[in-house]
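*Asks:* Structure of the sequence below:
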Amino acid sequence: MELGIEGRVALVAGGGRGLGRAIALTLAREGVDVAVLARTASEVEAVAAEVRALGRRAVALACDATDSDALGHALDRVRSTLSDPTILVLSQAAIYEPRKLQFVEADEVRRLLDTDLLSAVELCRRCLPAMMDARFGRIVALGSVAAHAGVSGGTLYSAAKAALEGMVRGLAVDYSRRGITANVVSVSFADTERLSGRVQGDQEWRDKLVRATATRQIPAPAEIADVVTFLCSPRAAAVTGTVVEATAGGHLNNLW
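*Replies:* Here you go, the predicted structure:
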C-alpha cells in the first residue's frame, strides 16, 4: 500500500534507540525526511546516519526535551535544515522507577512529569502552528497499558501515560478539522535493548512476558513502527483521538 507520505518531514522525539529508532527508520523507508531528537549525541548521530543511508535527509538533535530553550533551538535547526515537521512522533523514553508514592520526593514528581508528559505537551504546542498552516499534521504518542492498568510502584508513570491519552483526545477535537490527527499507540513491552536490560538473562521472566501476549511473541520494534507509520500517513485520516493497542494482545491479560 502506498502511504503517501514521501517528502514529508518528521520529528521523532526519543529517536536515538529502541522503538524511536525503529520508527525513524521505517518512516525513512517510506520516503520521509527525519529529525532525530534524543539526549545522547552519539545515538542521534548514528540514527541520522542510518536515515541518510536510506536516501533521506536527516538532522541529529542532541537535546533534552524538558529544556524549553534547548527545544526551541532544536526546532529552529529542523526548520532551517529540513522544513517544518508535519509529523510528530512522541517516543521519548519515560521515567519508570518503581516506588510507592509515599516514598517519592517532590522534586522527583516534577522530574517525572516533565519527562513523561510536559515535554510531549511542549513539542505539540510548538509544532501545531506549522501543521495548521499546511492543513496536514500527524501526532502519534507512544503510550502504555499502564494508563489503564494499575502498576505497583508506578502511580506517577500511569498518571502521565493516562494524561497522554487525554491530550490526544483533546487535540483530536480541536484540530482534526484542520487535517491534523492525534493518536496513541499503546505498548506493553517490545523486544528492545531496554527490555533486555530489565530481563538481564532471566529466561523465566522473559517466558512470563511471552505468556502474557495473545500471540505468544514479544512484539519486535519494527512491528510497532509499522503501526505508528501507518497512523502518520494520509491513509489513516479517519483515525484520530484513538488508542491503538500494539501489544500482541498483551493488554488482554492481567500481567500488571
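*Asks:* what helix or strand does the closest residue in space to Leu171 that isn't next to it in sequence sit in?
*Replies:* Closest residue to Leu171 apart from its sequence neighbours, by CB to CB, 6 or more residues apart in numbering: Ala182 at 3.8 Å. Bear in mind the C-beta positions are built from the backbone N, C-alpha and C, glycine included. In this structure, Ala182 is located in strand 180-187 according to DSSP states H and E.
*Asks:* Report the rounded mean pLDDT for that strand.
*Replies:* For strand 180-187, mean pLDDT is 95.
*Asks:* What is the helix or strand hosting Val244 packed up against?
*Replies:* If you go by DSSP H and E, Val244 is part of strand 242-245. The contact analysis (3 or more CB pairs under 8 Å, 6 or more residues apart in numbering; DSSP states H and E) places strand 242-245 against helix 155-175, strand 180-187.
*Asks:* Which strands border that strand, and is each parallel or antiparallel?
*Replies:* The pairing partners recorded for strand 242-245 under DSSP bridges are strand 180-187 (parallel).
*Asks:* Show me what the helix or strand harbouring Met131 is packed up against.
*Replies:* For Met131, the host element (DSSP H and E) is helix 119-134. With contacts taken as 3+ CB pairs under 8 Å, 6+ apart, helix 119-134 sits against strand 9-13, helix 68-81, strand 87-90, strand 137-144, helix 155-175, strand 180-187.
*Asks:* can you list those in TSV and add mean neighbour count?
*Replies:* Formatted as TSV, the helices and strands packed on helix 119-134 follow (neighbours: other CB atoms under 10 Å):
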stretch	mean neighbour count
strand 9-13	28
helix 68-81	15
strand 87-90	28
strand 137-144	27
helix 155-175	18
strand 180-187	25
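*Asks:* coming back round to it: so which of the helices and strands packed on strand 242-245 gets nearest Arg77?
*Replies:* Minimum separation from Arg77 across those (CB to CB) falls at strand 180-187, 22.8 Å.
*Asks:* roughly how far is that closest one from the heart of the chain?
*Replies:* On the basis of CA atoms, centre = their mean, to the nearest Å, strand 180-187 sits 9 Å off its chain's mean C-alpha point.
*Asks:* low-scoring stretches of the chain, by residue?
*Replies:* 93-97, 189-217, 248-256 (pLDDT under 70).
*Asks:* make it 80
*Replies:* 1, 93-99, 101, 104, 145-154, 188-219, 247-256 (pLDDT under 80).
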